[in-house]
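> From the sequence below, what's the structure:
(one chain, ligands or ions: 1)
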Amino acid sequence: MSGIDLLKKELEHVSRKVYERNLTSAAGGNISVRIPGTENVLIKRSGISLGEVSREDALIVDMDGEVLEGQGKPSKEVRWHLAIYRTRPDVSAVVHCHPPYAVGYATLGMELPLPTVTAETLLAPNVPVAKAAPSGSVELANYVAEVFENNPYIKAVLLEKHGIAAVGETLEASYNIADLVEATAQQAFIASQIWANLAATASA
Ligand SMILES: [Zn+2]
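Coordinates of the predicted model:
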């Protein structure tokens, strides 16, 4: 199996894991990975659920988003995936999804709280927010690029009123960051509820 075939297989595997872990629903979310030794990227095609992605749904695009190989259109989110690759040469894979707790914080435009030692360590320095703009717009790509330029070492970003993007050197690493972002958001939410209950009891 060639290197590209192996990457396509990994993209299929990670896409399904994102869906099965409930990190996204319906046809939301997208995954891409750089093809080593080239200026090209493998990205899921538009309109298919991550839960149903197969190898044939991985398109090869260049850094302008032009399709070089594969059937269909690339995800409309391709613009900001490419903006991340241009801004961060160390990043080789992007996992984008809509996990419910993290999106809860993203809807408020809040940076993700990091309540655990694990989150503080693995999501350091912070998980900032990229401002909202329509999906697929140049504006959104610019907002995402701006956050990555201003925060050079981040592993993930919340997309205001939308979802998250997790980055890493491999698809597996980016998946693990996405999974941790959602687990962290859930833990932060639970902790906030406990504090709220304690505060209500104390003032009763
Ligand atoms: Zn999305």
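> Tell me the span between the first and last residue of stretch 13-28.
Using Cα to Cα, to the nearest Å, the span of stretch 13-28 from its first residue to its last is 16 Å.
> Pull out the buried positions in it.
14-19, 23-24, 28 (16 or more other Cβ atoms under 10 Å). All C-beta atoms are positioned from the backbone trio N, CA, C, and that covers glycine.
> With respect to Lys131, which of these is nearest?
Lys131 lies nearest to Gly28 out of those, by Cβ to Cβ, at 19.3 Å.
> The closest one touches His162, doesn't it?
No - using Cβ atoms under 8 Å, Gly28 and His162 do not qualify as a contacting pair, with a distance of 9.3 Å.
> what sits in contact with each of these two?
Here Gly28 and His162 have His98 as joint contacts, going by Cβ atoms under 8 Å, 6 or more residues apart in numbering.
> how much distance is there from the longest helix anywhere in the chain to the middle of the chain?
As assigned by DSSP state H, the longest helix anywhere in the chain is helix 171-203. Here the centre of mass of C-alpha atoms in helix 171-203, compared against the chain's by Cα atoms, centre = their mean, to the nearest Å, lies 18 Å away.
> Do a quick rundown of the strands in this protein.
Under the criterion DSSP state E, the chain carries strands at the ranges 30-34, 41-44, 58-61, 67-69, 93-97, 129-130, 156-159, 163-168.
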